[in-house]
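> Have a look at this prediction, sequence included:
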Amino acid sequence: MSTILLKNFHVACLPLSKPGARLSRNDYSFIMGSREDDTARYFRFIGGNLRSGRSRIPVDFTLIWQNNQSGGRVMTDIVLGKRKALYNAVIKGILTLEGEGKYVSLFMETMNHLNRMFAKKKTKGAGCDKTD
């Protein structure tokens, strides 16, 4: 599943909102890949914009999944709003973060911020589907 996500996940150049304000202060890039095969994707934050592609570029840090299936599960959990999914993946050895500590920390903080932001939106919208 993760192989499909990594190979078919397309991001050209997206402006980022409030979490982007934090990212725009620090330009950085990382590669997300798997120990299982050579599937990888880079993500580069430049001036509050996100760029992504499949080539290997010099990066500040690397996210390395234990295998594609585990990576896919964790990424799905993140999208579903499971706030500790990324943290638990690191603790359990499913995800290894290698590289410049400043940028790894910034990435983790940003992911936590995004999780809180999406959790609030979910809570606010929870009553929208109810009918009286």
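Arrived safely, thanks for sending.

> How much space separates Gly71 from Lys102?
Distance check for Gly71 against Lys102: by C-beta to C-beta, to the nearest Å, it reads 24 Å. (C-beta placed from N, C-alpha, C; glycine too.)

> Give me the more crowded residue out of the two.
Using other C-beta atoms under 10 Å, the more surrounded residue of Gly71 and Lys102 is Gly71, with 27 against 12.

> before we move on, what SS does the nearest residue to Tyr87 once chain neighbours are set aside have?
If the residues on either side of it in the chain are set aside, Tyr87 comes closest to Met108, at 7.7 Å by C-beta to C-beta, 6 or more residues apart in numbering. The three-state assignment at Met108 reads helix, by DSSP: H, G, I helix; E, B strand; the rest coil.

> Met108 - how many residues pack around it?
Using other C-beta under 10 Å, Met108 has 14 neighbouring residues.

> Over to Lys84?
Using other C-beta under 10 Å, Lys84 has 12 other residues around it.

> and Ile94, how far is that from Arg44?
In this structure, Ile94 and Arg44 are 24 Å apart, going by C-beta to C-beta.

> Could you list the low-pLDDT ranges of this structure?
Residues of the chain that meet the criterion pLDDT under 70 lie in 1-24, 118-132.

> Can I get the host helix or strand of Tyr87 in CSV, CA atoms only?
Secondary structure from DSSP states H and E places Tyr87 in helix 85-91. The C-alpha trace of helix 85-91 is given here as CSV (Å, rounded to 0.1, in the frame of the first residue of the first chain):
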residue,chain,number,x,y,z
ALA,A,85,0.7,7.6,15.0
LEU,A,86,4.0,9.1,13.9
TYR,A,87,5.4,9.2,17.4
ASN,A,88,4.5,5.6,18.1
ALA,A,89,6.0,4.5,14.7
VAL,A,90,9.3,6.0,15.8
ILE,A,91,9.1,4.4,19.3
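
> Cool, thanks, talk later.
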